[in-house]
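In: Return a 3D structure for these sequence lines:
(one chain, ligands or ions: 4)
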Amino acid sequence: MPPIYSKEWKTAVVSMQGLMRQNRTSPCEAACPAGNNIQKMHSLLAEGRVDDALLAMYAKNPFPGVTGRVCPHPCEEKCNRCGYDEGLAIHALERYAADHGRTPVLTPLPPTGRRVAVIGAGAAGLTAARFLRQFGHDVTVYESSPVMGGVMRQAIPDFRLPKDVVDRETGAVAALGVRVHTNVTVGRDVTLSGLLSDCDACILAAGLWKERLLNIPGREYLQTAVSWMKKSTLERIGLEGKEVVILGGGGIAFDAAFTARRLGAAGVRMICLEAEGAMHAPEAEVAQARDEHIAMENSMLAAAVESDGEGGFTVAAVPVSGFSFDEKGALHVQESVEERKRFSAHLVICASGLQADLTALSGLDAELTPRGFVAVDPVSRMSSIPGLFAAGDIASGPGLLTSAIGSGRETALAVHRFLSGFAADSSLDVWLGDEGRLETAERKALPAPHVVELDEIMHVDYHEHAPRVAVSHGRESGRGPQLAFAELEGGLCAEDAAKEAARCLHCGHCISCGSCVESCPGHILEMGGDGPFVAWPEQCWHCGCCRIACSTGSVSYRFPLTMML
Ligand SMILES: Cc1cc2nc3c(=O)[nH]c(=O)nc-3n(C[C@H](O)[C@H](O)[C@H](O)COP(=O)(O)OP(=O)(O)OC[C@H]3O[C@@H](n4cnc5c(N)ncnc54)[C@H](O)[C@@H]3O)c2cc1C
Ligand code: SF4
Ligand code: SF4
Ligand code: SF4
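Out: Ligands and ions are numbered 1, 2, ... in the order given. Predicted coordinates for the structure are as follows:
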């Protein structure tokens, strides 16, 4: 059995289920919920080809400027370079490509005459709309708010995600010819059953906007976190001299705490069920909270809120020794024997979870999951209502932006299969061809590529040890109020971006360096336009020299391997 080479695709890939040449891949790409073409971006950034790097990302993800800022980057934890020295700053490179590359001009395929309605202009809905429009379908998005972007535009605070970045990327979707009707609520202004009869398919991507209030005495005094942040984004009402208590310990609670701090609150305190060190938020946010003197009361459950009748409140909290959620999402806690604590506040914000608002589905008997999200078939992505698909948080439950983007893209492909008469489980390969037009081919699905771990890269010493580039966090305390909502994390300069991108090991992706060809003692390998190939397979004696010489772990053998001794 001669060696097998994993050769990366030269074009910008949208979806490849039948990996014809790429038998191996990197752990970062396997971990990215949006499926970003990460190592390709690194190759291009290292060469200074920023526009091409953005095209490689944009092929799969219409929002790289957003994900490069607020995705908690699960890719970086999995980066093989973590085991060598330090993982790559993938999200900072993604942001660099998005901020400095020219937005690619995409050209939709000729009109198909098929009409698709998308409910919700958030990450999932707009991603689905973009790909369906590229396929040539007539796409109309209905959005209940006055703006496009969903949570990324309405709720994530400016100091993490400036609005102009969202507007630039949502605007590029509309520029493709996607029709967007804002201020239209499906279920109130138009009916979903009407859209289902007028269109060939509908995608429900309405997200989760129903905020759960804790069922405790005094719940009428609570403000819900997302509504409060939406309002503060617009009004910026100061909180000078006020004490703010936030009930919750997840990402939304942290955003509310940082927002209250920036609005001038005298004291901000979070009451969280999670124990110290087990918070459901990135470590950087916990560190930022400490820097900003936000008090965290861990392993505590808010039990009651009392009003003093003069605009002040007291929050009583019970210590807990453990907690869990059941299949339906109901909370079960084990109270500890320690004494209750009481905290004073002028504002109490509740960040205790989001649920689906199913108004759009009224009159339709759609099947739901045990937690009340819209159930979809995992292959066809269709709900129990024929022609109705669902994408993003409304189908998956609370997730990440990058998961909503991945879900939007996969749902668009599923809808395209449905509209084009392909079987739901058919393998459709899609890539960006000339002039930014999609090209497609139906191919036999091959097994998923093997994810290359660090110890499979036999010539890893080829890569010099080098530290990760420093990304500025702007977490210094004592900033003036005029800077309060300015973006916290800084971007990379061109020199740092190229240097950081060049640290990539290209795990499982051939970079056509030629080392394997040169190291083969039998001259069995040759270099072609697409990288190395086995010219004389029957003469390979399985010495493994090619595999040992490869600095990217791109060479493998299929087992069982017969060694010739
Ligand atoms: C405060 C906050 C901070 C977050 N921070 C992060 C983060 O830093 N990183 C991260 O990865 N994830 C974060 N998330 C999670 C992430 O934002 C969501 O997973 C993602 O936005 C889900 O996308 P979506 O398209 O499914 O829904 P949404 O973004 O919610 O979009 C749904 C859209 O549908 C519209 N809509 C709803 N009902 C109707 C209707 N009946 N008719 C018409 N339109 C309707 C809504 O107005 C909205 O625009 C955060 C979430 C919140 C709430
Ligand atoms: S979207 Fe997130 S997981 Fe994917 S490459 Fe960007 S930072 Fe990494
Ligand atoms: S070294 Fe490069 S290809 Fe390998 S996991 Fe890290 S970012 Fe991905
Ligand atoms: S040695 Fe170089 S050319 Fe050969 S497979 Fe590895 S990366 Fe590709």
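In: who does the closest residue to ligand 4 within the stretch 1-150 of the chain bridge with?
Out: As assessed by CB to the nearest ligand atom, ligand 4 sits closest to Tyr5 within the stretch 1-150 of the chain, at 5.1 Å. Using the backbone N, CA and C atoms, a C-beta is placed for each residue, glycine as well. Note on Tyr5: beta-bridge partners Val555, judged by DSSP bridges.
In: tell me, how many neighbours does it end up with?
Out: Using other CB atoms under 10 Å, Tyr5 has 23 neighbouring residues.
In: just Glu538 next, same as before
Out: 7.
In: part of a helix, is it?
Out: Yes. Under DSSP: H, G, I helix; E, B strand; the rest coil, Glu538 sits within a helix.
In: OK, contacts around the closest residue to ligand 4 within the stretch 351-500 of the chain?
Out: Closest residue of the stretch 351-500 of the chain to ligand 4, CB to the nearest ligand atom: His459 (7.6 Å). Contacts of His459 were listed using CB atoms under 8 Å, 6 or more residues apart in numbering, and they are 515, 548-551.
In: re earlier: the residue of the stretch 1-150 of the chain closest to ligand 4 and Gly508 touch, don't they?
Out: No. Between Tyr5 and Gly508 there is no contact under CB atoms under 8 Å: 10.5 Å.
In: what's the overlap in contacts for those two?
Out: Joint contacts of Tyr5 and Gly508 (CB under 8 Å, 6+ apart) are Ser554.
In: Name the helix or strand for the residue positioned nearest the centre of the chain, please.
Out: Central residue of the chain (CA atoms, centre = their mean): Thr402, 1.2 Å from the mean position. According to DSSP states H and E, Thr402 maps onto helix 401-420.
In: With ligand 1 in mind, check whether that helix reaches it.
Out: Yes. Applying CB under 6 Å from any ligand atom, one finds helix 401-420 touching ligand 1 at 401-402, 404.
In: which of those residues lies closest to ligand 2?
Out: Distances from ligand 2 to these, taken by CB to the nearest ligand atom, are shortest for Thr402, at 4.0 Å.
In: Just list the residues touching that closest one, thanks.
Out: Neighbours of Thr402 in contact, by CB under 8 Å, 6+ apart: 32-34, 61, 67, 71.
In: top of these by neighbour count?
Out: Among these, Asn61 has more neighbours than the rest - 30 neighbours, counting by other CB under 10 Å.
In: so which strand or helix has the residue lying closest to that residue once chain neighbours are set aside?
Out: Distances taken as CB to CB, 6 or more residues apart in numbering put Ala34 closest to Asn61, at 4.6 Å, once the chain neighbours are dropped. In the assignment (DSSP H and E), Ala34 maps to no helix and no strand.
In: circling back to that earlier point, the helix holding Thr402 and ligand 2, any residue contact?
Out: Yes. Contact of helix 401-420 with ligand 2 (CB under 6 Å from any ligand atom) involves Thr402.
In: What of stretch 278-291?
Out: No. Applying CB under 6 Å from any ligand atom, one finds stretch 278-291 out of contact with ligand 2, separated by at least 11.5 Å.
In: Provide a list of residues in contact with Val116.
Out: Contacts of Val116 (CB under 8 Å, 6+ apart): 129, 132, 137-140, 199-203, 415, 419.
In: can you tell me which of those residues are up against ligand 3?
Out: Counting by CB under 6 Å from any ligand atom, no member of the contacts of Val116 is near ligand 3.
In: Which ones among these lie within strands?
Out: 138-140, 201-203 (DSSP state E).
In: of those residues, closest to ligand 1?
Out: Ile203 (10.3 Å).
In: and the closest one, how many neighbours?
Out: Neighbours of Ile203 (other CB under 10 Å): 31.
In: Leu126 reaches Pro62, doesn't it?
Out: Yes. With contact defined as CB under 8 Å, Leu126 reaches Pro62; the gap is 6.6 Å.
In: Quick check: neighbours shared by those two?
Out: With CB under 8 Å, 6+ apart, Leu126 and Pro62 have common neighbours Val173.
In: Which one's more surrounded, the two?
Out: More crowded of Leu126 and Pro62, by other CB under 10 Å: Leu126, with 31 against 27.
In: How about the secondary structure of that one?
Out: Under three-state DSSP, the three-state class of Leu126 is helix.
In: What strand or helix carries the nearest residue to it once chain neighbours are set aside?
Out: Spatial nearest neighbour of Leu126, excluding adjacent residues (CB to CB, 6+ apart): Val173 at 4.8 Å. According to DSSP H and E, Val173 maps onto helix 163-175.
In: returning to what we had before: for the helix holding Thr402, the averaged confidence score.
Out: The average pLDDT for helix 401-420 rounds to 97.
In: Equivalent analysis for stretch 95-102, please.
Out: Mean pLDDT, computed over stretch 95-102, is 97.
In: got the buried residues for that stretch?
Out: 95-101 (16 or more other CB atoms under 10 Å).
In: farthest-separated two in those?
Out: Pairwise distances across the buried residues of stretch 95-102 peak at 10.8 Å for Arg95 and Gly101 (criterion: CB to CB).
In: what touches both of those two?
Out: With CB under 8 Å, 6+ apart, Arg95 and Gly101 have no common neighbours.
In: residues in contact with Pro385?
Out: One correction, residue 385 is Ile, not Pro. 196, 364-366.
In: Just after the longest strand anywhere in the chain, pick out the following helix or strand.
Out: In the chain, with assignment by DSSP E, the single longest strand is strand 313-325. The C-terminal neighbour of strand 313-325 among helices and strands, as given by DSSP H and E, is strand 331-335.
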